[in-house]
Structures are given as C-alpha cells and as structure tokens.
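Generate a structure from the sequence data that follows.
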Amino acid sequence: MISLDLNGKTTQVDAEPDTPLLWVLRDHLNLTGTKYGCGMALCGACTVHLDGAPTRSCITPVSAAAGKKITTIEGIGADRVGKAVQAAWIALEVPQCGYCQSGQVMAAAALLAANKKPSDADIDAAMSGIVCRCGTYNAIRAAIKRAAGALA
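Okay, the predicted model is just below:
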C-alpha cells in the first residue's frame, strides 16, 4: 500500500511503485479529470501539482508522489488561486473540445501561485508544452490575465 496526500486527504492505494501516477489517479482512485494525452510528457494533458509544481503524471511513478502534496483538477478549486483560474476559464468560455483544459488550468494555477502579475513572456514560458489542439491559446492568455487581476 502506498499512502498519498491527495487533494488534502490521505489516501491509501494498492499499486506497484512504478505505476504512473496518472493511472493510479484514473484507474485506482476514479479521478478522471486528469487526462491521458501522449504518455510521454509532451502534451501536458496529464498535469497535476506535486508540492505545488506542475508535473506530468503520465511519466511520474506513484512512488515519487508518496510524501508529496498532490493536487489534481478535482482539487484545484480548494484554494484562492485555483478558484480564480476556474472562474476566469468559465467567464471567458475558454474550452472548445476541453481535452487539454485540466492541464491548462493546472499550469495556470501554478504560474499564478508563484507569480501574481505574469508578463506575456511569463505566461508563454509557463504554458509552453501544454498542447491545445483547438488553438485556444489567446483565450487561455486572457483567462490567466483575468485571474491575475482578480487575485490583485
């Protein structure tokens, strides 16, 4: 059994230590908001936070997450920054197909937790590697700026 601090609760999971965190979340714990995209940490759909840092769960063994605070898209709204990001996403109707959006929200929340007034370059750097097939990058940037304004 592996003990995880998941979205503020201690959770026990019976999984092999090398099982990717993504599959533990989705298959063992039924938290399906974190998406499988590429399985190689290239698209960002599987992004979660480990101790506040955006992390690709598809390549992170569950054993590496033990002892760290894990936040998924299901838990991101529990703090002020996550709530602001979610509200901005909704207000600006950012998603089209929505597949990448959990990864986008997780990356944006990590950015704003670390930098309350990000520049366009800061946003580009933080969001690079989270692929949106629909091309909603302008709406994503606008939502990040709106969330930053709400947090100011």
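
okay, now the nearest residue to residue 114 once chain neighbours are set aside: neighbour count?
Of all residues not flanking residue 114 in the chain, residue 52 sits nearest, at 8.0 Å (CB to CB, 6 or more residues apart in numbering). Backbone N, C-alpha and C define where each C-beta goes, glycine included. Around residue 52 there are 14 other residues, counting by other CB atoms under 10 Å.

Which pLDDT does the model give residue 52?
Per-residue pLDDT puts residue 52 at 97.

Same check on residue 46?
98.

separation between it and residue 32?
12 Å (CB to CB, to the nearest Å).

neighbour count winner among the two?
residue 46 (27 against 14).

Tell me who's in contact with residue 89.
95, 101, 105, 143 (CB atoms under 8 Å, 6 or more residues apart in numbering).

Is it in a helix, a strand, or coil?
Put simply, residue 89 is helix when judged by DSSP: H, G, I helix; E, B strand; the rest coil.

Leaving out chain neighbours, which residue sits closest to residue 92?
Per CB to CB, 6+ apart, closest to residue 92 is residue 143, 4.8 Å.

Confirm the one you found sits in a helix?
Yes: per three-state DSSP, residue 143 lies within a helix segment.

so it makes contact with residue 109?
No: counting by CB atoms under 8 Å, residue 143 sits too far from residue 109 to count as a contact (11.2 Å).

and for those two, which residues touch both?
residue 85.

Which strand or helix spans residue 140?
Element membership for residue 140, per DSSP states H and E: helix 137-151.

Let me see the residues that make contact with that helix.
With CB under 8 Å, 6+ apart as the test, helix 137-151 has contacts from 80-81, 84-85, 87-89, 91-94, 104, 108, 111-112, 116-118, 120, 123, 127, 132.

Nearest residue to the middle of this structure?
Using CA atoms, centre = their mean, the residue of the chain that lies closest to the mean C-alpha position is residue 106, 2.6 Å off.

what's across from the closest residue to that one other than its chain neighbours in the sheet?
Of all residues beyond its chain neighbours, the one nearest residue 106 is residue 47 (4.3 Å), with distances taken as CB to CB, 6+ apart. For residue 47, the beta-bridge partners are residue 56 (DSSP bridges).
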